[in-house]
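[1] for reference, the sequence and a predicted model appear below.
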Amino acid sequence: MHMICDFSGFHFIRGEIRKITYELISHTDRNFVIEKSFAELFHSNKLIGDLPVEINNHEIEFIIDTTELKYTYYTVIVTCVINEETVKKKIEFEVS
């Protein structure tokens, strides 16, 4: 499986709230089901909290709300479990 997104990193102005959608694609055209998925928000390698994730067929969605975040850099790790595979995507962003 492979996660794709339309940005490699991004920037928020504090107070923004954005819905992030990832689509998982099989390079072998294999049919699959996302069994479970979760997203974790980190600051300086410290877990701040979990972001609620919604699974829609081959897409996962979660919301990043910056209204309570400090002006600094953050990381989100998205994890998807598909059959015997665990796929992860790391996203870094800045809040200013």
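    Yep, it's here. This is a predicted model, so every value here is computed, not measured.
[2] list the contacts for K70?
    Applying CB atoms under 8 Å, 6 or more residues apart in numbering, we find K70 in contact with 43, 95. For every residue, glycine as well, the C-beta is placed using N, CA and C.
[3] same question for H11.
    Here H11 is in contact with 93-94, 96 (criterion: CB under 8 Å, 6+ apart).
[4] separate out the buried members of the residues you listed.
    F93 (16 or more other CB atoms under 10 Å).
[5] restricted to helices, list the contacts of H11.
    Among these, none falls in helices (DSSP state H).
[6] tell me which of the contacts of H11 fall in strands.
    Per DSSP state E, strands hold the following members of the contacts of H11: 93-94.
[7] based on its surroundings, how many neighbours for L41?
    Number of residues near L41 (other CB atoms under 10 Å) recorded here: 19.
[8] before we move on, back to that, and the contacts of H11, which is closest to S37?
    The closest of the contacts of H11 to S37 turns out to be F93 (CB to CB; 19.0 Å).
[9] for the closest one, what are its contacts?
    The contact partners of F93, taken as CB under 8 Å, 6+ apart, are 9-12, 64, 73-76.
[10] including distance to H27, pLDDT and secondary structure, could those residues go into a markdown table?
    Converted to a markdown table, the contacts of F93 look like this (distance: CB to CB, whole Å; pLDDT from 0 to 100; DSSP: H, G, I helix; E, B strand; the rest coil):
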| residue | distance to H27 | pLDDT | secondary structure |
| --- | --- | --- | --- |
| G9 | 24 | 67 | strand |
| F10 | 25 | 80 | strand |
| H11 | 30 | 90 | strand |
| F12 | 31 | 93 | strand |
| I64 | 28 | 95 | strand |
| Y73 | 31 | 94 | strand |
| Y74 | 30 | 95 | strand |
| T75 | 26 | 95 | strand |
| V76 | 24 | 95 | strand |
